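Peer 1: attaching a predicted model along with its sequence, questions to come.
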Amino acid sequence: MVNSSSPVVNMYPLANYTFGTKEPKMEKDTSVADRLARMKVNYMKEGMRTSVEAILLVQEHNHPHILLLQIGNTFCKLPGGRLKPGENEIEGLKRKLCSKLAVNSPSFPPNWQVGECVAVWWRPNFETVMYPYCPPHITKPKECKKLFIVHLSEREYFAVPRNLKLLAVPLFELYDNVQRYGPVISTIPQQLSRFQFNMVSS
Amino acid sequence: MGLEMRVAAEEVEAAPAAAPSAAGEPVGVEIYPLSRYYFGAREAAGGDGGGGRESATGADRELRLKANFAAHGLRTSVHGVLLVELFDHPHVLLLQVRNSSFLLPGGRLRPGEQDVRGLKRKLSSKLSIVGDQDDEVEVDEWQIGERIGMWWRSEFDAVPFPYLLPNARAPKECIKLFLIKLPVSRQFVVPRNMKLLAVPLSQIHNNAQVYGPIIAGIPNLLSKFSFNFIND
């Protein structure tokens, strides 16, 4: 079986997208310790947590940029979040994207085009460390996080919660920058390297 | 202006314009136990892929690369990620030269050669008894899977990056990694100046110091696959 065709990702200029604001969406936890404690409680009730996150790509100066949500002054995350028990991954991701980024108005129906999964991360314990494989001897991982490419159309309207900032960060800034962006986001450039990028100019 | 710029795509098999591919279902890959595979040795092959490169000095190599670039342009090399299972954990097969540098099996394409064809040729050259650059080699011996990553070098000895900067001068080398689907059993025959090792993902992960950025990045490229360990 020979399969070396590369999926194509179209990227449109950042200027094609309009960003408005909407009501704030506060984080449920105020500290890492709180977040891990809440994760433990949920694990007891529902088992392993599955979370889904979206990689949204735009281009600036013909280089791919990823859209990140910034909380406060430093912490950046991909749009996404935890699935409800039994929820389908794609439906859950669309739900999270609507919650974080969609304009809540009937004249802007959300039309998220979820593409393929590009990475899966595993959390073996109630700690912050995650791995791109389920480590040997771990039979009960606490979380599984999946990253999907979401294909944007040529123009979109986004509404960002007022307490968050939406940044477009170039791949070269993310690559190898674990200190600033963490292991999951800083390795996205490698996971995207197999794609053929089609930079569309306006 | 309606310019459409394509980041350099060298392979003949260009994909049609973006339709989002099927999402959600993990891609399953079968992996067989290390014990199913047999490892032997043979005399080191001559020629550009094996013995020739080992004996060249740094300066010779630089001259040769510059001459090749002037004649043929971008150097493309293709490498295979071959996986086996041990202790319920995927292991990558790596070649080790002279107890120091680790390499993925593969090598440079000939001018005009297609990725998949060249990769099969190189895999046979490094890992099979045949070991020469015959075009008559049974080219269907290897099952080449998905291309999982690409790296670019702006200079011959520069650190590779997983993207091409748009305003950079013409890149000197493009490195492509492919997942290889191994059969349930196989014999690997390796030149005597090399060792073939099975290294767990947990050891190469984040370990660019020992393995270099390309090999250390392999667990990140493989994370989306769902591995089925087949042992019966």
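Peer 2: Nice, I can see it. What you are looking at is a predicted structure, and each value in this text was computed from that prediction instead of being measured.

Peer 1: hey, let's count contacts and neighbours off CA atoms from now on
Peer 2: Fine.

Peer 1: other residues contacting stretch B:198-213?
Peer 2: By C-alpha atoms under 8 Å, 6 or more residues apart in numbering or on different chains, the residues outside stretch B:198-213 that reach it are A:133, A:135, B:34, B:84, B:89-94, B:101-102, B:160, B:214-220.

Peer 1: swap in 7 Å and give it another go.
Peer 2: B:89-94, B:102, B:215-217, B:219 (C-alpha atoms under 7 Å, 6 or more residues apart in numbering or on different chains).

Peer 1: can you map out the strands along chain B?
Peer 2: For chain B, the strands defined by DSSP state E occupy B:4-6, B:27-31, B:37-42, B:75-86, B:89-97, B:101-103, B:106-108, B:143-153, B:173-181, B:186-191, B:194-200, B:225-229.

Peer 1: of all the ones you listed, which lies closest to residue A:197?
Peer 2: Evaluated with C-alpha to C-alpha, the strands of chain B place strand B:4-6 nearest to residue A:197, the distance being 6.5 Å.

Peer 1: could you give the mean pLDDT of the closest one?
Peer 2: In this model, strand B:4-6 has an average pLDDT of 37.

Peer 1: on that earlier part again, now render the strands of chain B as JSON lines, adding mean neighbour count.
Peer 2: Below are those laid out as JSON lines (neighbours: other C-alpha atoms under 10 Å in any protein chain shown):
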{"stretch": "strand B:4-6", "mean neighbour count": "12"}
{"stretch": "strand B:27-31", "mean neighbour count": "16"}
{"stretch": "strand B:37-42", "mean neighbour count": "15"}
{"stretch": "strand B:75-86", "mean neighbour count": "23"}
{"stretch": "strand B:89-97", "mean neighbour count": "21"}
{"stretch": "strand B:101-103", "mean neighbour count": "17"}
{"stretch": "strand B:106-108", "mean neighbour count": "23"}
{"stretch": "strand B:143-153", "mean neighbour count": "22"}
{"stretch": "strand B:173-181", "mean neighbour count": "22"}
{"stretch": "strand B:186-191", "mean neighbour count": "18"}
{"stretch": "strand B:194-200", "mean neighbour count": "18"}
{"stretch": "strand B:225-229", "mean neighbour count": "16"}
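
Peer 1: before we move on, the earlier item: contacting chain A as well, which ones from the contacts of stretch B:198-213?
Peer 2: Taking C-alpha under 7 Å from any C-alpha of the partner chain as the test, chain A is in contact with B:89, B:219 out of the contacts of stretch B:198-213.

Peer 1: in chain A, where is pLDDT below threshold?
Peer 2: Within chain A, the ranges that satisfy pLDDT under 70 run A:1-6.

Peer 1: quick check: residues of it near chain B?
Peer 2: Proximity of chain A to chain B (C-alpha under 7 Å from any C-alpha) is limited to residues A:1-10, A:62-63, A:89-90, A:113-120, A:132-133, A:136, A:151, A:189-191, A:193-194, A:196-202.

Peer 1: what comes up buried for stretch A:132-149?
Peer 2: A:132-135, A:141-149 (16 or more other C-alpha atoms under 10 Å in any protein chain shown).

Peer 1: tell me the helix or strand right after the helix ranked longest in chain A.
Peer 2: Longest helix in chain A, counting residues (DSSP state H): helix A:32-46. Later in the chain than helix A:32-46, the nearest helix or strand by DSSP states H and E is strand A:49-60.

Peer 1: can you list contacts of that next one?
Peer 2: A:11-14, A:43, A:64-67, A:78-83, A:89, A:93, A:142-152, A:199.

Peer 1: list the beta-bridge partners for residue A:63.
Peer 2: Residue A:63 forms beta bridges with residue A:60, as assigned by DSSP bridges.

Peer 1: surely it meets residue B:168?
Peer 2: No - the criterion here is C-alpha atoms under 7 Å, and residue A:63 misses it with residue B:168 at 11.3 Å.

Peer 1: who's more crowded, these two?
Peer 2: Applying other C-alpha atoms under 10 Å in any protein chain shown to residue A:63 and residue B:168 shows that residue A:63 carries more neighbours, namely 22 against 8.

Peer 1: how about the contacts made by that one?
Peer 2: Here residue A:63 is in contact with A:170, B:165-166 (C-alpha under 7 Å, 6+ apart).

Peer 1: tabulate the residues you listed (TSV), appending distance to residue A:24 and neighbour count.
Peer 2: Listed next are the contacts of residue A:63 as TSV, based on distance: C-alpha to C-alpha, whole Å; neighbours: other C-alpha atoms under 10 Å in any protein chain shown:
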residue	distance to residue A:24	neighbour count
A:170	26	19
B:165	36	19
B:166	37	13
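
Peer 1: so which of the residues you listed comes closest to residue B:175?
Peer 2: Using C-alpha to C-alpha, the contacts of residue A:63 come closest to residue B:175 at residue B:165, 15.2 Å.

Peer 1: now do the helices in chain A.
Peer 2: Along chain A, counting by DSSP H, helices occupy A:32-46, A:89-101, A:171-174, A:178-186, A:188-192.

Peer 1: which stretch among those helices comes nearest residue A:161?
Peer 2: helix A:89-101 (6.8 Å).

Peer 1: put the alpha carbons of the closest one into PDB.
Peer 2: Extracted in PDB, the C-alpha atoms of helix A:89-101 (Å, rounded to 0.1, in the frame of the first residue of the first chain):
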ATOM      1  CA  GLU A  89     -15.100  14.100  19.400                       C
ATOM      2  CA  ILE A  90     -16.100  16.200  16.400                       C
ATOM      3  CA  GLU A  91     -19.400  17.400  17.800                       C
ATOM      4  CA  GLY A  92     -17.700  18.200  21.000                       C
ATOM      5  CA  LEU A  93     -15.000  20.200  19.300                       C
ATOM      6  CA  LYS A  94     -17.600  22.200  17.300                       C
ATOM      7  CA  ARG A  95     -19.400  22.900  20.500                       C
ATOM      8  CA  LYS A  96     -16.200  24.200  22.100                       C
ATOM      9  CA  LEU A  97     -15.300  26.300  19.100                       C
ATOM     10  CA  CYS A  98     -18.800  27.900  19.200                       C
ATOM     11  CA  SER A  99     -18.500  28.600  22.900                       C
ATOM     12  CA  LYS A 100     -15.100  30.200  22.500                       C
ATOM     13  CA  LEU A 101     -15.100  31.800  19.100                       C
END
